[in-house]
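Participant: could you work out the structure for the sequence below:
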Amino acid sequence: MSTYPVYRPRGGVNRLFGWADDFMNWFLYGHETWLVAVLKGVPLFLFVYFMLTYVPNYLYYLLTVELPFIRFTDDVGFLLANGIAGGNFALLILLAVGIQASRGRSGFGWSFIRIFVLLNYLFTVLLLVPLLAFNLAGGSFFPMRITLQSIAFGMIVAGLGAASCVYLYFEYRRVTRRDADEAARRSSELARR
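Facilitator: Coordinates of the predicted model:
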C-alpha cells in the first residue's frame with residue numbers, strides 16, 4: 001500500500017465523496033477523545049436497540065393487531081418478529097465485519113462501506129434518536145398522538161444531534177491539521193539532514 005493518497009478527480013461530487021471517505025477513516029479508525037467516543041457510542045447503542053427491539057415490535061403489532069386482512073395469532077407474530085430480529089442481528093454483524101475489513105483499504109467497495117456508515121450515523125443522530133425521544137415523551141404516529149411536549153423533546157434531541165455532527169466536523173479538522181503540521185515538521189527535519 002502506498003503512502004500517497006489515491007488520486008481523486010476534481011469534480012464537486014467526487015470531492016464530496018473523497019472528503020466523506022477521509023472523514024470516516026478518521027471517525028472509524030482515528031484518534032478520539034472521550035467526547036468523540038461518547039458521540040459515536042451512544043448513537044450506535046440506540047441504533048442497535050432500535051433494530052433489535054423496535055423493528056420486530058412494530059412488525060409484531062402490524063401483523064397481529066393493525067392489519068385487518070392478516071391478523072396472525074400472537075404465536076405466529078412472535079415467531080415472525082423473532083425471525084426479523086435475528087435477521088437484523090446477522091446484518092449488524094456483517095456490517096461490523098465489513099467495517100473492520102475496510103480499515104486502511106481503498107477502492108469503491110471499501111469507500112462505499114464507510115460512506116454507508118456515515119449516512120447511517122446521520123440518519124440515527126438526526127432522525128432515529130429524535131423519533132425515540134418523541135416516543136419517550138408520549139408522542140406516537142400510529143395511533144396518532146402528538147403533544148407539544150413530545151414535539152419539543154424530539155426537536156431538542158434533533159438539535160443536539162446536529163450540534164454533535166458540527167462538533168465532530170471541527171474535531172476532525174483539528175486532529176487532521178495537527179497531524180499535517182507534525183508531518184510537515186518531520187519532513188522539514190529530514191530535508192535539512
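Participant: where's Tyr29 relative to Lys40, distance?
Facilitator: Using Cβ to Cβ, to the nearest Å, we find Tyr29 at a distance of 12 Å from Lys40. In this view, the C-beta of every residue, glycine as well, is placed from N, C-alpha and C.
Participant: what do you get for Phe27?
Facilitator: Phe27 sits 7 Å away from Lys40, going by Cβ to Cβ.
Participant: between the two, which one's more packed in?
Facilitator: Between Phe27 and Lys40, Phe27 has the larger neighbour count (other Cβ atoms under 10 Å), namely 20 against 16.
Participant: could I get the buried residue list for whichever strand or helix holds the more buried one?
Facilitator: Using DSSP states H and E, the element containing Phe27 is helix 12-29. Residues Phe17, Gly18, Ala20, Asp21, Asp22, Phe23, Met24, Asn25, Trp26, Phe27, Leu28 are the ones in helix 12-29 that count as buried (16 or more other Cβ atoms under 10 Å).
Participant: strands along this structure, start to end?
Facilitator: Counting by DSSP state E, one finds strands in the chain at the ranges 140-141, 144-145.
Participant: which residues touch the residue positioned nearest the centre of the chain?
Facilitator: Residue closest to the mean C-alpha point of the chain, counted by Cα atoms, centre = their mean, is Tyr121 at 1.8 Å. Applying Cβ atoms under 8 Å, 6 or more residues apart in numbering to Tyr121 gives the contacts Phe27, Pro43.
Participant: re earlier: quick one: closest of the strands of the chain to Phe108.
Facilitator: Relative to Phe108, the nearest member of the strands of the chain by Cβ to Cβ is strand 140-141, separated by 37.1 Å.
Participant: report all helices and strands that the closest one contacts.
Facilitator: Where contact means 3 or more Cβ pairs under 8 Å, 6 or more residues apart in numbering; DSSP states H and E, strand 140-141 is not packed against any helix or strand.
Participant: adjacent strands (with direction) for that strand?
Facilitator: strand 144-145 (antiparallel) (DSSP bridges).
Participant: contacts for the strand it pairs with, please.
Facilitator: Applying Cβ under 8 Å, 6+ apart, the contact partners of strand 144-145 are Gly138, Gly139.
Participant: okay, stretch 29-40 in CSV with CA atoms only?
Facilitator: C-alpha atoms of stretch 29-40 as CSV (Å, rounded to 0.1, in the frame of the first residue of the first chain):
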residue,chain,number,x,y,z
TYR,A,29,-10.2,4.3,13.0
GLY,A,30,-8.5,7.5,14.0
HIS,A,31,-7.7,9.5,17.2
GLU,A,32,-10.6,10.2,19.5
THR,A,33,-11.3,11.9,22.8
TRP,A,34,-13.7,10.7,25.4
LEU,A,35,-16.4,13.0,24.0
VAL,A,36,-15.9,11.7,20.4
ALA,A,37,-16.2,8.2,21.8
VAL,A,38,-19.5,9.1,23.5
LEU,A,39,-20.8,10.8,20.4
LYS,A,40,-20.0,7.6,18.5
